[in-house]
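A.B. asks: Sequence and predicted structure are below.
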Amino acid sequence: MTAQDHTHLRPWRAIARRPSRKIRVGNVEVGGDAPITVQSMTNTLTADAAATIDQIRQLEEAGADIVRVSCPDEASTAALSTIVKASKVPIVADIHFHYKRGIEAAKAGAACLRINPGNIGNATRVREVIQAARDHGCSMRIGVNAGSLEPHLLERYGEPCPEAMVQSALDHAKILQDHDFHEFKISVKASDVFMTVAAYQQLSEAIDCPLHVGVTEAGALRNGTVKSAIGMGNLLWAGIGDTIRVSLAADPVEEIKVGFDILKSLGLRHRGVNIIACPSCARQGFNVIKTVETLEARLAHISQPMSLSIIGCVVNGPGEALMTDIGFTGGGKGAGMVYMAGKAHHKMDNEAMVEHIVQLVEAKAAELAKAQDQALEAAE
């Protein structure tokens, strides 16, 4: 029920993605008809390869498609080769100020080089980084930030603004294009939601390369999630965005979770259990909030897409259960109704409901995984 959204039946849910060129970040496609990818960035010292690899493992388990690591010094690029070999997902090397770090990162096996045009240096240095990317099969990301625009653009426009950010992006894209290098994507991020959205809207009409979308320095977990959902949600709903990163002052794993939640809310990606739950009230037949918190933790390991409704009473419970794979609706006398594929199936005591639901979800996930494997075998 949740793996596909039949937009021909519900046209108001259809999102027409902006046409863009497709590039590759390692073995991951970005742009075109490829799924919108979810990224995060490590916050360990890159020179500490073991710690960085451990954090990458956590991000991989959370569903990260691509991971970025900072390369501020030679010790970091020296460790990058070990990190790349241990990673299951493509690694993007984040380069600021020192263009030689970009060359070293390309040699070390980075799948993509992220450069900030405002601080990477003159055109000659950028050309050297381009050549290194070409020689070693790297793609590139032009990463424009409102907080680090080139001085001449700040002088021209008076302050950071969408027009200055887009001009910076296009100027540096031209350098890549002039060198016949087209395996690049662009981001134009600001901590201001309005500036971010306006910049991406303008850029999306000016160039056909893939766009990496995000609200930079969005803040702590709650505030940053809200800002990212507003800014990125508006863009993605309008079809703008081929790969995303939610920038939070929090555990990087939370960035992946929030990123997928944003995409799931828009029907653009489906991963894990989407729990639909009521806010609870005096009618609830069980403690909805505690139950949902427990189920989120217990079901975090599920990667197969499915929906689960947890509703406290019969006002909306049966209706929500009609639209979900598995549902539980609170009733009376310490028990509620379990729904399977939208239909009332059996009653369950509240005390045993969490364990029972976990078992049902795990069984459904195993069933979906088996069907997926069979489909892949048949395709081969």
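C.D. replies: Thanks, I have the structure now.
A.B. asks: C-alpha from now on. contacts and neighbour counts both.
C.D. replies: Fine.
A.B. asks: separation between the residue lying closest to Leu322 once chain neighbours are set aside and Asp180?
C.D. replies: Of all residues not flanking Leu322 in the chain, Gly342 sits nearest, at 3.7 Å (CA to CA, 6 or more residues apart in numbering). Separation of Gly342 from Asp180 (CA to CA, to the nearest Å): 54 Å.
A.B. asks: the more surrounded of these two?
C.D. replies: Gly342 (18 against 11; other CA atoms under 10 Å).
A.B. asks: Tell me how far the more buried one lies from Gly332.
C.D. replies: From Gly342 to Gly332 the distance is 20 Å (CA to CA).
A.B. asks: hang on, the earlier thing: contacting residues around the residue nearest to Leu322?
C.D. replies: 321-327 (CA atoms under 8 Å, 6 or more residues apart in numbering).
A.B. asks: In JSON lines, list those residues along with distance to Ser139.
C.D. replies: JSON lines is the format used below for these (distance: CA to CA, whole Å):
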{"residue": "Ala321", "distance to Ser139": "45"}
{"residue": "Leu322", "distance to Ser139": "45"}
{"residue": "Met323", "distance to Ser139": "41"}
{"residue": "Thr324", "distance to Ser139": "40"}
{"residue": "Asp325", "distance to Ser139": "40"}
{"residue": "Ile326", "distance to Ser139": "42"}
{"residue": "Gly327", "distance to Ser139": "44"}
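A.B. asks: Most neighbours among the residues you listed, which one?
C.D. replies: Gly327 (29 neighbours).
A.B. asks: hey, where'd the helices end up in the stretch 51-200 of the chain?
C.D. replies: In the stretch 51-200 of the chain, the segments counted as helices under DSSP state H, counting those that start in this stretch are 74-86, 99-108, 123-135, 151-157, 162-178, 193-206.
A.B. asks: Tell me which of those is the most buried.
C.D. replies: helix 99-108 (a mean of 24; mean count of other CA atoms under 10 Å).
A.B. asks: thinking again about what came up before, now the weakest link among the helices of the stretch 51-200 of the chain, please, by mean pLDDT.
C.D. replies: Lowest mean pLDDT of the helices of the stretch 51-200 of the chain: helix 123-135, a mean of 89.
A.B. asks: Now do that helix against helix 162-178, angle only.
C.D. replies: 60 degrees (axes from the mean of the first three to the mean of the last three CA atoms, to 10 degrees).
A.B. asks: what's next to helix 123-135, contact-wise?
C.D. replies: Residues outside helix 123-135 that contact it (CA under 8 Å, 6+ apart) are 99-100, 102-103, 106-107, 112-113, 120, 139-140, 175-176, 179, 181.
A.B. asks: Please repeat the previous calculation with a cut-off of 10 Å.
C.D. replies: With contacts defined as CA atoms under 10 Å, 6 or more residues apart in numbering, helix 123-135 is touched by 98-107, 109-113, 115, 117, 120, 137-140, 172, 175-176, 179-181, 183.
A.B. asks: ok, now stretch 360-373?
C.D. replies: Contacts for stretch 360-373 (CA under 10 Å, 6+ apart): 3, 272-273, 299, 301-308, 325-326, 340, 354, 356-359, 374-379.
A.B. asks: Just the buried residues of these.
C.D. replies: With burial judged by 16 or more other CA atoms under 10 Å, the buried subset of the contacts of stretch 360-373 is 272-273, 299, 302-308, 325-326, 340, 354, 357.
A.B. asks: Restricted to strands, list the residues you listed.
C.D. replies: The members of those that map onto strands under DSSP state E are 273, 306-308, 326, 340.
A.B. asks: Low-confidence ranges, this protein, go.
C.D. replies: The model of the chain has pLDDT under 70 over residues 1-8, 117-118.
A.B. asks: how does it look with 80?
C.D. replies: Applying pLDDT under 80 to the chain flags residues 1-9, 116-123, 380.
A.B. asks: Count the residues that sit near Ile262.
C.D. replies: For Ile262, the count of nearby residues is 21 (other CA under 10 Å).
A.B. asks: Now for the residue nearest to it when sequence neighbours are not counted, how many residues are close by?
C.D. replies: Once flanking residues are discounted, Ile262 sits nearest to Ala229: 6.4 Å by CA to CA, 6+ apart. As a burial measure, Ala229 scores 23 neighbours (other CA under 10 Å).
A.B. asks: swap in Leu9?
C.D. replies: Neighbour tally, Leu9, other CA under 10 Å: 9.
A.B. asks: That one in helix, strand or coil?
C.D. replies: Following DSSP: H, G, I helix; E, B strand; the rest coil, Leu9 is assigned to coil.
A.B. asks: Give the buried residues for the helix or strand encompassing the residue nearest to Ile262.
C.D. replies: According to DSSP states H and E, Ala229 maps onto helix 221-237. Neighbour counts over helix 221-237 (16+ other CA under 10 Å) mark 221, 224-233, 235-237 as buried.
A.B. asks: Which elements pack onto it?
C.D. replies: When contacts are defined as 3 or more CA pairs under 10 Å, 6 or more residues apart in numbering; DSSP states H and E, helix 221-237 packs onto helix 193-206, strand 212-213, strand 243-245, helix 252-265.
A.B. asks: Please identify which of these is closest to Pro90.
C.D. replies: Among the helices and strands packed on helix 221-237, strand 243-245 comes nearest to Pro90, with 13.2 Å by CA to CA.
A.B. asks: which residues sit against that closest one?
C.D. replies: By CA under 10 Å, 6+ apart, strand 243-245 touches 29-31, 34-41, 64-67, 185, 187, 210-216, 228, 232, 236, 255-256, 258-260, 263.
A.B. asks: picking that back up, as TSV, the helices and strands packed on helix 221-237 with distance to Trp12 would be great.
C.D. replies: Below are the helices and strands packed on helix 221-237 laid out as TSV (distance: least, CA to CA, whole Å):
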stretch	distance to Trp12
helix 193-206	21
strand 212-213	23
strand 243-245	23
helix 252-265	14
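A.B. asks: Select, out of these, the one closest to Ala49.
C.D. replies: Comparing these by their distance to Ala49 (CA to CA), the top pick is helix 252-265, with 16.9 Å.
A.B. asks: The closest one to helix 221-237, inter-axis angle?
C.D. replies: Helix 252-265 runs at 40 degrees relative to helix 221-237, counting by the same axes, to 10 degrees.
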